[in-house]
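A.B. asks: generate a structure from the sequence data that follows.
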Amino acid sequence: MPSPYYCRAAFAALLFACGNTVAQPPEPTSASVEVQKLQPGIYLLQGAGCNVIAWTGPEGTVLVDTGTAAAAERLREALTTVAAGSRTRFVVDTHWHPDHAGGNETAAREGAVLIAHESTRARMLEPQEFGEDDSHVPAAAHEALPVVTFADTLTLNLNGGRLLLLHMPEAHTDGDALAWWPEANVAQLGDLYYAGGYPFIDTAHGGSLAGVVAAIETVLARANSSTVIVPGHGAIGTRADLIAYRDMLVAVGTRVRELVERGATLQETIEARPTADWDERYGAGRVSPDRFVRIVFEDLTARR
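C.D. replies: Below is the predicted model of the structure:
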């Protein structure tokens, strides 16, 4: 299987790296959290601000992401329907954004051990700013900080199965963790994948288009036609859905790069509509076509 670093190198000629952009628009939380069974003991919980996975069994429950702080009580109520009598032992943060890690403090106070990539903890230790819209994320409370961190990979052996955590460098952020249940054939990508929408790539905090593509290649190398692909937001998908998403990212990146190399300005690049062929499928998501083009433009021009 190609490593994330190998994949990044393969795409480096096409996609330069890093730049500054603005924060993603928030996803409204729902009045209730809906539960969907993915595999025995593995459930998708939707409506807490992001897609949350609960892995339950006789040895305890693991949550992958915790949604927003405002949805913590609704998430707890939903958990009682799938994990009655099974306490939450571990929480894994796919990255530091508060729509994914906002419920950390609540989970930790109830006894969960928080796990994340070391860059995620580093980001949460300090206040973070997002470019043009001046949005500010304060440093996380002490209780909300991951207490177990890893550099490359980590494995949880629980409930008769395994959860593999793999760092995906310089992708959506600099601290993305891919969660993979090999026996159950389920992958939780966090915001490496937005179902039905263009992605927000947090280039201000270490993300890059090349890194997102490399991360998706890593998933595709492990996945098969039966793999359940869980995005950070939106409906679950298949390997075929992820291939189409990867192809879109590469094609838009190529078009924007060509415009940049011809000397096009940001406005000229937006007006050229490099996403036009995919707007029907991805253009109604939280990131507009124009905003996605802006992200890619700034990413590809930052280190030229």
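A.B. asks: how much space separates L165 from E268?
C.D. replies: 42 Å (Cβ to Cβ, to the nearest Å). (C-beta placed from N, C-alpha, C; glycine too.)
A.B. asks: these two - which one has more neighbours?
C.D. replies: Neighbour totals were compared for L165 and E268, and L165 leads with 21 against 12 (other Cβ atoms under 10 Å).
A.B. asks: skip the chain neighbours and tell me the closest residue to that one.
C.D. replies: Spatial nearest neighbour of L165, chain neighbours left out: L154 (4.4 Å); criterion: Cβ to Cβ, 6 or more residues apart in numbering.
A.B. asks: please apply the same query to R281.
C.D. replies: G196 (7.3 Å).
A.B. asks: could you verify my assumption that the one you found touches G285?
C.D. replies: Yes - counting by Cβ atoms under 8 Å, G196 does reach G285; the two are 5.8 Å apart.
A.B. asks: what residues are shared contacts of these two?
C.D. replies: G234 (Cβ atoms under 8 Å, 6 or more residues apart in numbering).
A.B. asks: can you get me a residue count around R257?
C.D. replies: 21.
A.B. asks: just to revisit the earlier point, sticking with the residue nearest to L165, tell me its helix or strand.
C.D. replies: Element membership for L154, per DSSP states H and E: strand 153-158.
A.B. asks: show me what the next helix or strand after that strand is packed against.
C.D. replies: Using DSSP H and E, the helix or strand that follows strand 153-158 in sequence is strand 161-168. For strand 161-168, the packing partners by 3 or more Cβ pairs under 8 Å, 6 or more residues apart in numbering; DSSP states H and E come out as helix 4-12, strand 113-117, strand 153-158, strand 176-181, helix 209-222.
A.B. asks: dump those into a markdown table; add mean pLDDT and distance to V230 as well.
C.D. replies: Shown next, in a markdown table, are the helices and strands packed on strand 161-168 (pLDDT from 0 to 100; distance: least, Cβ to Cβ, whole Å):
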| stretch | mean pLDDT | distance to V230 |
| --- | --- | --- |
| helix 4-12 | 40 | 19 |
| strand 113-117 | 98 | 18 |
| strand 153-158 | 98 | 17 |
| strand 176-181 | 98 | 8 |
| helix 209-222 | 98 | 11 |
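A.B. asks: redo these as TSV? Include distance to A240 and mean neighbour count.
C.D. replies: What follows is the helices and strands packed on strand 161-168, written out as TSV (distance: least, Cβ to Cβ, whole Å; neighbours: other Cβ atoms under 10 Å):
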stretch	distance to A240	mean neighbour count
helix 4-12	19	17
strand 113-117	28	25
strand 153-158	27	15
strand 176-181	18	25
helix 209-222	10	24
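A.B. asks: what about the stretch 1-150 of the chain, any weak spots by pLDDT?
C.D. replies: For the stretch 1-150 of the chain, applying pLDDT under 70 flags the ranges 1-31, 131-134.
A.B. asks: K37 belongs to a strand, doesn't it?
C.D. replies: Yes - under DSSP: H, G, I helix; E, B strand; the rest coil, K37 sits within a strand.
A.B. asks: what's the closest non-adjacent residue to R87?
C.D. replies: In space, R87 is closest to G60, 5.9 Å off (Cβ to Cβ, 6+ apart).
A.B. asks: which residues does the one you found contact?
C.D. replies: S86, R87, T88, R89, F90, L158, N159.
A.B. asks: let me know the closest of the residues you listed to A48.
C.D. replies: Comparing the contacts of G60 against A48 with Cβ to Cβ places T88 closest, at 13.8 Å.
A.B. asks: how many neighbours does that closest one have?
C.D. replies: T88 has 22 nearby residues by other Cβ under 10 Å.
A.B. asks: can we start the residue count at 785 from this point?
C.D. replies: Let's use 785 as the start, then, which means that last one is T872.
A.B. asks: tell me the spacing between it and D1083.
C.D. replies: Plainly put, T872 is 36 Å away from D1083 if you go by Cβ to Cβ.
A.B. asks: distance of the spatially closest residue to M952 that is not a sequence neighbour from E1082?
C.D. replies: Once flanking residues are discounted, M952 sits nearest to A999: 3.8 Å by Cβ to Cβ, 6+ apart. Distance, A999 to E1082, using Cβ to Cβ: 20 Å.
A.B. asks: good, wrapping up.
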